[in-house]
Structures are given as structure tokens and as C-alpha cells.
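A.B. asks: Mind folding the following:
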Amino acid sequence: MIASILMIFVLSSCEKKEPFVYEYETNPQYSKGYVDFWGPVYLTEYGIDNNVLSLYAFTDSLGVDDDNQLKGFGQYLLLDDIFVSPNDTLFPEGVYQVSNSADAFTIAPGEEYEVDDVKYDVGALIYFIEQNDSYSIRKFIIGGTMTVTRINEYTRFEFDFILDDETELKGKYIQKDLIYYDESQINQGVLRQRAKSPLNPVKVFAPEKLKERPQYKG
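C.D. replies: Numbering: from 1, shown residues only. The predicted structure follows:
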């Protein structure tokens with residue numbers, strides 16, 4: 001009897017334990033956000049005449065404190081370089097591919113960009129800001145699509161992305177009277193200015209005004 005118990009103990013102790021894998025939210029529902037319109041910001045440097053938009057979206061449990069730092073927990077989605085045709089200033093309906101082509105209906109993938117020996121996160125990315133801060137992380141978006149539709153005053157974004165760790169990121173953002181800020185006048189021809197300093201929206205397409213881009217200190 002004792003030998004049998006010892007044998008069971010030995011066998012159980014030899015079983016291979018599965019490594020712990022932290023599960024991140026793969027289908028966030030964003031509740032607030034805004035858009036920056038940059039105009040043909042890459043025309044002078046690269047000859048790209050397509051207009052550029054940026055989309056920022058937040059889940060409901062995230063807020064912004066008096067120092068413009070994100071507080072709470074949830075997901076913070078940043079899509080910095082979204083290319084549309086020179087005739088478009090708002091999001092046209094359609095499917096946008098994550099691609100480095102800079103063609104209309106594309107989103108630049110996320111990457112690190114170096115300026116004066118300092119690396120910045122640019123392109124498409126998401127912050128997972130977790131209740132246990134040791135699991136908070138930034139992940140780049142390297143593939144997939146974003147589908148934009150509009151019904152009356154509502155704009156709907158549906159995401160189907162691939163992240164740099166080969167996981168999927170889906171999610172939706174539906175917004176009534178989506179807010180656009182016109183950054184095109186102060187940033188015309190200034191490459192990557194937004195990588196060097198926080199944004200400060202100046203001219204608004206919609207009447208409501210937000211703070212500069214919220215920051216996350218990870």
C-alpha cells in the first residue's frame with residue numbers, strides 16, 4: 001500500500017507542468033477616441049501625396065489624470081499613419097490593410113523609429129495596461145485589416161489585426177460624431193514631428209476639444 005502511494009507521488013512529481021501564460025484581452029471594445037488629420041505630411045520628404053490620419057481609441061476603464069497620464073487599466077490603441085487619398089480628409093468607408101506601401105487604404109505597421117540615437121514607437125500599436133502593472137506591455141501591430149463603415153452620424157471601426165508576437169487582436173470602436181483635429185497646417189512637411197513631442201490639437205473639425213495625446217509611462 002505504501003509502495004503504491006509512493007509510486008503515485010513519484011509519477012505525479014514527474015509530470016511536466018505547463019508554463020504560465022498571461023492572457024491579454026484579444027477583443028477590446030473601445031468607448032472613446034479621436035482622430036488627427038495630418039494632410040500630406042510625407043509629401044516633401046518622400047513624395048507621397050496621400051493624406052494621413054491617426055486614430056486613438058481607449059477602452060472604458062481608462063482615464064486621463066491632471067498630468068495627461070493614462071490612469072486605470074485597459075487597452076490604448078494608436079494607429080499613427082493611416083493613408084487616404086489626397087481628396088479625403090475624413091475616413092472613407094472601406095477596408096484598410098496594414099502595409100508599408102503608403103497607398104490609400106493602408107495603415108503603417110508598428111516599429112521602432114530612431115531619432116538622434118533615441119528610439120520611439122511609431123506606426124500601429126496597442127498598450128495593454130493591466131491591473132497588475134508587471135504584465136502591462138506594448139505590442140506592435142504588423143498585419144491585418146481595419147474596416148470602416150458609417151451610418152448617419154455614427155462611425156464604426158472593426159479591427160482584425162496581427163501583433164508582433166503572432167497573436168490576434170480584434171475589437172470594435174463605434175463613435176457618434178467622431179472628433180477630428182486638423183494638424184495639417186503646423187505639421188506640413190515636418191517628418192515625424194509627432195515622434196518627438198506630444199500632440200496638441202489646435203484646429204477642430206468638431207466643436208468638442210480634448211487634451212493633447214495622453215501618455216503612458218510603462
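
A.B. asks: what's the burial count for Tyr46?
C.D. replies: 11 (other Cβ atoms under 10 Å). To be clear about C-beta, it is placed using only N, CA and C from the backbone, and glycine gets the same treatment.

A.B. asks: hey, which strand is longest across this protein?
C.D. replies: strand 137-151 (DSSP state E).

A.B. asks: I'd like to know which elements the very next helix or strand once past that strand is packed against.
C.D. replies: The C-terminal neighbour of strand 137-151 among helices and strands, as given by DSSP states H and E, is strand 154-163. Contact partners of strand 154-163 among helices and strands, from 3 or more Cβ pairs under 8 Å, 6 or more residues apart in numbering; DSSP states H and E: strand 137-151, strand 168-176.

A.B. asks: residues in contact with the first one?
C.D. replies: Taking contacts as Cβ atoms under 8 Å, 6 or more residues apart in numbering, the residues outside strand 137-151 that touch it are 24, 79, 82, 91-98, 107, 109-111, 121, 123-128, 130, 155-165, 167-169, 218.

A.B. asks: Could you figure out how far it is turned away from strand 154-163?
C.D. replies: Put simply, strand 137-151 runs at 150 degrees to strand 154-163, going by axes from the mean of the first three to the mean of the last three Cα atoms, to 10 degrees.

A.B. asks: Mind checking the pLDDT average for strand 137-151?
C.D. replies: Strand 137-151 shows a mean pLDDT of 96.

A.B. asks: partners of it in the sheet?
C.D. replies: Here strand 137-151 is paired, per DSSP bridges, with strand 94-98 (antiparallel), strand 124-129 (antiparallel), strand 154-163 (antiparallel).
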